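Novice: Here is a sequence with its predicted model. Questions after.
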Amino acid sequence: MTQRCIDSMNGNASIMLIATPDGKPMYEKMGFKAVDCVHKLICDDYRPAENLPNYSIRPFQEEDFRVLVELDRDATGADRETFLKARIRQAKECVVMMEKEDKICGFGLSITCRLT
């Protein structure tokens, strides 16, 4: 399945995937190399931070999207605009973190998942 996805891509496209420890050996055999680590945090009862004196958090607005794409590109080194559009649509909530000067410095997505 992974090979079919790769074969369907434009030859100039960069491919990034996130592997579980069980899947990592298979992807390495396909030529993928680990470049970084992704952390997934899960909680049952989210409580917003109360003491962020230099920051504020507000709901995402459509006009924020360009900034989120740039922040994500800086963090991942990849252009994930299409992925971000889809993920924001899937999100139960999307928020942005603002610095004092009303500059977006981060964002977060709340994705509902089912644990089996």
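Specialist: Okay, I see it. Here the structure is a predicted model, which is why all the values come from computation and not from measurement.
Novice: would you put the C-alpha positions of the lowest-mean-pLDDT helix or strand in the chain in CSV?
Specialist: Within the chain, confidence by mean pLDDT, DSSP states H and E is lowest for helix 2-7 among all helices and strands, at a mean of 83. The C-alpha trace of helix 2-7 is given here as CSV (Å, rounded to 0.1, in the frame of the first residue of the first chain):
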residue,chain,number,x,y,z
THR,A,2,2.8,2.4,0.9
GLN,A,3,4.6,1.6,-2.4
ARG,A,4,1.4,2.3,-4.4
CYS,A,5,1.0,5.7,-2.7
ILE,A,6,4.7,6.5,-3.5
ASP,A,7,4.2,5.4,-7.1
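Novice: I'd like the numbering to begin with 52 instead of 1 from here.
Specialist: With the count now opening at 52, the last piece we talked about shows up as helix 53-58.
Novice: Now tell me what touches that helix from outside.
Specialist: With contacts defined as Cβ atoms under 8 Å, 6 or more residues apart in numbering, helix 53-58 is touched by 66, 68, 77-78, 81. Quick note: C-beta positions are derived from backbone N, CA and C, even for glycine.
Novice: What are the buried residues along that helix?
Specialist: Of all the residues in helix 53-58, not one is buried under the rule 16 or more other Cβ atoms under 10 Å.
Novice: any idea how far the helix or strand following it is from the chain center?
Specialist: For helix 53-58, the following helix or strand on the C-terminal side (DSSP states H and E) is helix 75-80. With Cα atoms, centre = their mean, to the nearest Å as the basis, helix 75-80 stands 22 Å off its chain's centre.
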